[in-house]
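[1] sequence-free structure coming up:
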């Protein structure tokens, strides 16, 4: 366990150090600006998540469809975690600069793999928490949730990233194989990142139309999510106090 924690700490330190590579002067001020930026993003996305839950509850509770809110949030968090894993796991898990050094240490390969995966899990847990916790807390407060609901929300948030991380790592592996011979694969990655960012901005600007669509098609969306992505329905039931669905949700993600 001690080796596992040490490797995890070292791997995550290396990952954050890569984001600051090339910055040699004014290091303290750069770190301060980065911290301010991260704090702003945390507040912004947390506020947006809570606001989404509040607005949707006012509309959906009138027709008895408020349980759709945690389903949508869990699905969105899963999708963002999947995308994040696809983009980050390649450099962090497969092409990490410290990989050769780690493999030369007197540590089992399984311990190295677990430490890498755990570091990836911690970084993606932030994405899931920013979406699930503010929205879930607002939903439970408005819906009169019990203590069991808050505990279930915490457990759902902690276990949610596992499944999309594994799928994202598999996708990233095959993308790496497909682009291994490309001379400009960094350009391809940058273009995909820009397209994704533009998509997020367009969704934000059209949030009113999205809210209206969800209100008018709540039953259809709920049925589709329950059918095509079972964990979303299980998570919504778990937050509502159905403990057996909480158990199934955790088991699906862990297995």
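    Yep, that arrived. The shown structure was predicted, so the numbers you read here are calculated from the model rather than taken from an experiment.

[2] how about the helices of this structure, start to end?
    Assigned helices in the chain, in chain order: 2-18, 27-60, 68-89, 99-104, 109-143, 147-159, 162-178, 185-205, 207-216, 218-228, 230-239, 243-254 (criterion: DSSP state H).

[3] weakest of these in terms of mean pLDDT?
    If you rank the helices of the chain by mean pLDDT, helix 185-205 sits at the bottom with a mean of 60.

[4] how many neighbours does residue 8 have?
    By the criterion of other CB atoms under 10 Å, residue 8 has 19 neighbours. C-beta coordinates here come from the backbone N, C-alpha and C atoms, glycine included.

[5] no no, residue 169
    Neighbour count of residue 169, defined by other CB under 10 Å: 20.

[6] contacting residues for it?
    Residues in contact with residue 169 (CB atoms under 8 Å, 6 or more residues apart in numbering) are 85, 89, 93, 117, 120.

[7] Equivalent analysis for residue 178, please.
    Going by CB under 8 Å, 6+ apart, the list of residues near residue 178 is empty.

[8] How about residue 152?
    By CB under 8 Å, 6+ apart, the neighbours of residue 152 are 238-239, 241, 243, 246.

[9] My read is that residue 239 contacts residue 136, right?
    Yes - the pair residue 239 / residue 136 is scored as a contact, 6.3 Å apart, by CB atoms under 8 Å.

[10] follow-up on the earlier one: let me have the contacts of residue 169 in TSV, adding neighbour count as columns.
    As requested, these are exported to TSV (neighbours: other CB atoms under 10 Å):
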residue	neighbour count
85	27
89	26
93	22
117	19
120	24
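
[11] quick one on the thing from earlier: which residues are common contacts for residue 239 and residue 136?
    Residues touching both residue 239 and residue 136 (CB under 8 Å, 6+ apart): 70, 153, 156.

[12] Give me the more crowded residue out of residue 239 and residue 136.
    Each of residue 239 and residue 136 has its neighbours counted (other CB under 10 Å); residue 239 has more, 32 against 28.

[13] list the contacts for the more buried one?
    70, 136, 139-140, 145, 149, 152-153, 156.

[14] Pick the most deeply packed of the helices of the chain.
    The highest mean neighbour count among those belongs to helix 230-239 (a mean of 25), with neighbours defined as mean count of other CB atoms under 10 Å.

[15] Report the angle between it and helix 68-89.
    With axes from the mean of the first three to the mean of the last three CA atoms, to 10 degrees applied, the angle from helix 230-239 to helix 68-89 works out at 130 degrees.

[16] where's helix 230-239 relative to the chain centroid, distance-wise?
    Relative to its parent chain, helix 230-239 has a centroid offset of 16 Å by CA atoms, centre = their mean, to the nearest Å.

[17] Next: stretch 79-87.
    With CA atoms, centre = their mean, you get 7 Å for stretch 79-87.

[18] Looks like residue 131 contacts residue 72 (just checking).
    No - between residue 131 and residue 72 there is no contact under CB under 8 Å: 10.0 Å.

[19] how much space between residue 86 and residue 157?
    21 Å (CB to CB, to the nearest Å).

[20] same question, residue 91
    26 Å.

[21] who touches the spatially most central residue of the chain in this structure?
    In the chain, the C-alpha nearest the mean C-alpha coordinate belongs to residue 81, at 3.1 Å (CA atoms, centre = their mean). Listed by CB under 8 Å, 6+ apart, the contact partners of residue 81 are 124, 127-128, 160-161, 164-165, 168.

[22] Enumerate every residue touching the nearest residue to it once chain neighbours are set aside.
    Spatial nearest neighbour of residue 81, excluding adjacent residues (CB to CB, 6 or more residues apart in numbering): residue 164 at 4.2 Å. If you count contacts by CB under 8 Å, 6+ apart, residue 164 has them with 78-79, 81-82, 85, 124.

[23] mind listing what residue 121 touches?
    Residue 121 makes contacts with 161-162, 165, as judged by CB under 8 Å, 6+ apart.

[24] any idea how far the spatially closest residue to residue 165 that is not a sequence neighbour is from residue 121?
    Nearest non-adjacent residue to residue 165, counting by CB to CB, 6+ apart: residue 85, 4.8 Å away. Applying CB to CB, the value for residue 85 to residue 121 is 10 Å.
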